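**Student:** structure, please.
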Amino acid sequence: WHGHVTAVTVPPEYRRLGVAVQLMDLLERVSEWDNGYFVDLFVRQSNGVAINFYKKLGYSIYRRVLGYYSGSEDAYDMRKAL
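**Tutor:** Here you go, the predicted structure:
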């Protein structure tokens, strides 16, 4: 099994304080504790800020999903092995 990130949203006044990193770390630790093999998430191909954020956390692009966002935009399926 694996952990899956549906959404990570941090209010503007709490950004750049490490909140998103803490949330991701918690999900990864819980997934690993419950014998998960990896954590994955989908991100818009055009969202360079998010892609770079997840890469810094150790995620890599596993595959491209064509038309994931209402058929109009592709997504990257990003994964991190546990």
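**Student:** tell me where this protein has helices.
**Tutor:** Shown for the chain, the helices assigned by DSSP state H span residues 19-33, 48-56.
**Student:** in JSON lines: these, plus mean pLDDT, mean neighbour count and distance to Met78.
**Tutor:** Quick note: C-beta positions are derived from backbone N, CA and C, even for glycine. As requested, the helices of the chain are exported to JSON lines (pLDDT from 0 to 100; neighbours: other C-beta atoms under 10 Å; distance: least, C-beta to C-beta, whole Å):
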{"stretch": "helix 19-33", "mean pLDDT": "97", "mean neighbour count": "14", "distance to Met78": "11"}
{"stretch": "helix 48-56", "mean pLDDT": "97", "mean neighbour count": "14", "distance to Met78": "5"}
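**Student:** who wins for proximity to Glu13 among the ones you listed?
**Tutor:** When the helices of the chain are compared by C-beta to C-beta, helix 19-33 sits nearest Glu13, at 10.3 Å.
**Student:** tell me, how many residues neighbour the nearest residue to Trp1 once chain neighbours are set aside?
**Tutor:** Beyond its immediate neighbours in the sequence, the residue positioned closest to Trp1 (C-beta to C-beta, 6 or more residues apart in numbering) is Gly36, lying 5.5 Å away. Around Gly36 sit 17 other residues, with neighbours defined as other C-beta atoms under 10 Å.
**Student:** Gly36 contacts Leu27, doesn't it?
**Tutor:** No - with contact taken as C-beta atoms under 8 Å, Gly36 and Leu27 are classed as non-touching, separated by 9.5 Å.
**Student:** hey, what's in contact with both of those two?
**Tutor:** Residues touching both Gly36 and Leu27 (C-beta atoms under 8 Å, 6 or more residues apart in numbering): Gly3.
**Student:** nothing else from me, thank you.
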